[in-house]
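Participant: next come a sequence and a model predicted from it.
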Amino acid sequence: MKTTVLSLLLLMIVTGGGAQKKIDMVGNLSNERVTGLSAIAGEIKYVPLETRDECLLSEELQIQCVPGYIFVGDQKTQTFYRFGADGKFLNRIGGRGNGPGEYPGAMFFYADEKDERFYVVSAPARSLYQYSYDGRFIKKIPTEASTWTIASLDNNIYYFNNQYNRIRREKNISELYMINKEGRLLKKTPTTVTSEKDDMLLMDLPFFYYYHSAVYYKNAVSESVYRLGAGLTMSPHYEINCGDKSGHDPQEYRNPEKYSEKMGIRHLFENDDIVLVTYYYKNEFRYLLGNKKDWTFVNVTDARSKAGFVEDLRGGGVFAPFPHTGSHQNWLVSVIRADNFNIVERIINKNLNEDDNPVIAIAILK
């Protein structure tokens, strides 16, 4: 009996046993507090991205910071760039077109820190395009379904079918896929969508994030956050309460005004101390900060009730975590654009022009 109890306890420790924890977005919607960045971070770095004709950026970006480099994908122009840790422009990676090593279109990317490979995710081509960090094309990896974003762990790649919820159209739709880096399919899972009311054009995208050398996943329909395990198992990790959806009308998701009344979870970050949910509600981004010690939550604001942290480490104004980021590091990233350049010019000791590329703020958490 003692052996059995001990085995069960070990199993709970390894698998995170116990009741699935809930993140109550609705119950904390009006719970706001002015919160300094120093509550969670010990250091912040400001990196102005070099402005040159060959790397001019729009406002629609995806960013991934890794040790030594900052990768930026411009979703408007569908181009991808590598900058140094100091912001110096290093090279462009790939390009749109039909020639060798070119992709027909792509909005998202993934920089694999382990083997220093850069993956352009091309939904139109149903393929991943693999490059070296310096932009050398290596190979094209076809995928069974079209996807938007990917994650990598243990030399495998995870991706989702961006039509995982179109269950009226066909049955037996797969949602998640696991392939090796040569493109061979290892496993796929059936869709988690069961209601035809969720068969609609979605405004929010699924996303992956990393915590404790594991990959976590949330789609735009389910309220569950899943931990992906060996063999592509999906273990419920968190349940997010975004309100009662039982009576929703699918047409509401096609109406921008009605859709803005719904909470859209855009990203989740966690470490051993905190959980941070980035969400969109009533036409603005908000940030729900959870304390893991007592499982309490608060929407963080600065002194002007603007969503985000008070940057009280170097006096950089409001620190608003950027939703389209991904990293294995214990970092949060914010993007500072021209309308706030005057706040950071003193900190970086450099004059900026309104046409310059943005400044990247990297908060290194405790």
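Facilitator: Here it is on my side, so go on.

Participant: any idea how far Val26 is from Phe297?
Facilitator: For Val26, the distance to Phe297 (C-beta to C-beta, to the nearest Å) stands at 11 Å. Every C-beta, even on glycine, is put in place using the N, C-alpha and C of the backbone.

Participant: among the two, which residue is more densely surrounded?
Facilitator: Neighbour tally, Val26 and Phe297, criterion other C-beta atoms under 10 Å: the higher count belongs to Phe297, 18 against 12.

Participant: show the pLDDT at the more buried one.
Facilitator: At Phe297, the model reports a pLDDT of 98.

Participant: got the buried residues for the host helix or strand of it?
Facilitator: Secondary structure assigned from DSSP states H and E places Phe297 in strand 296-301. Within strand 296-301, the residues that count as buried by 16 or more other C-beta atoms under 10 Å are Phe297, Val298, Asn299, Val300, Thr301.

Participant: can I get the residues you listed in JSON lines including distance to Leu186?
Facilitator: Output for the buried residues of strand 296-301, formatted as JSON lines (distance: C-beta to C-beta, whole Å):
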{"residue": "Phe297", "distance to Leu186": "37"}
{"residue": "Val298", "distance to Leu186": "41"}
{"residue": "Asn299", "distance to Leu186": "40"}
{"residue": "Val300", "distance to Leu186": "40"}
{"residue": "Thr301", "distance to Leu186": "44"}
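
Participant: continuing past the strand or helix carrying Tyr279, what's the next helix or strand?
Facilitator: Counting by DSSP H and E, the element that carries Tyr279 is strand 274-281. As assigned by DSSP H and E, the chain's next helix or strand after strand 274-281 is strand 284-291.

Participant: got the angle for that following strand vs strand 296-301?
Facilitator: 140 degrees (axes from the mean of the first three to the mean of the last three C-alpha atoms, to 10 degrees).

Participant: adjust the sequence numbering to begin at 4 for everything that follows.
Facilitator: From this message on, residue numbering opens at 4, which makes the last subject strand 287-294.

Participant: strand 287-294 pairs with which strands, parallel or anti?
Facilitator: Using DSSP bridges, strand 287-294 pairs in its sheet with strand 277-284 (antiparallel), strand 299-304 (antiparallel).

Participant: so which residues make contact with the longest one?
Facilitator: Spelled out, it's strand 277-284. The contact list for strand 277-284 (C-beta atoms under 8 Å, 6 or more residues apart in numbering) reads 26, 28, 32, 43, 207, 241, 243, 263-273, 288-295, 324, 326, 335, 368.

Participant: who is the residue nearest to Phe272 when sequence neighbours are not counted paired with across the strands?
Facilitator: Counting by C-beta to C-beta, 6 or more residues apart in numbering, Phe272 lies nearest to Leu279, which is 4.5 Å off, once chain neighbours are set aside. Going by DSSP bridges, Leu279 is paired in beta bridges with Phe272, Leu292.

Participant: need the per-residue pLDDT for Leu279.
Facilitator: 97.

Participant: got it, and Pro259?
Facilitator: 65.

Participant: got a list of what the residue lying closest to Gln23 once chain neighbours are set aside touches?
Facilitator: Nearest residue to Gln23, sequence neighbours excluded (C-beta to C-beta, 6+ apart): Pro239, at 4.8 Å. Going by C-beta under 8 Å, 6+ apart, Pro239 touches Gln23, Ser227, Val228, Tyr229, Arg230.

Participant: one more: Val69?
Facilitator: Ala114, Glu116, Ser330, His331, Gln332.

Participant: top of these by neighbour count?
Facilitator: Going by other C-beta under 10 Å, Ala114 tops the contacts of Val69 with 23 neighbours.

Participant: secondary structure element for it?
Facilitator: Remark: Ala114 resides in strand 111-115, with elements defined by DSSP H and E.

Participant: in its sheet, which strands sit next to that strand, and in what direction?
Facilitator: When DSSP bridges is applied, strand 111-115 pairs with strand 120-125 (antiparallel).

Participant: any low-confidence regions in the stretch 204-353 of the chain?
Facilitator: For the stretch 204-353 of the chain, residues meeting the criterion pLDDT under 70 lie at 247-263.

Participant: can you map out the strands along the stretch 154-303 of the chain?
Facilitator: Per DSSP state E, counting those that start in this stretch, the stretch 154-303 of the chain carries strands over the ranges 159-163, 177-183, 188-193, 210-214, 217-221, 227-231, 237-244, 267-273, 277-284, 287-294, 299-304.

Participant: could the ones you listed go into CSV alongside distance to Thr38?
Facilitator: Shown next, in CSV, are these (distance: least, C-beta to C-beta, whole Å):
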stretch, distance to Thr38
strand 159-163, 33
strand 177-183, 35
strand 188-193, 37
strand 210-214, 21
strand 217-221, 24
strand 227-231, 23
strand 237-244, 20
strand 267-273, 15
strand 277-284, 11
strand 287-294, 7
strand 299-304, 4
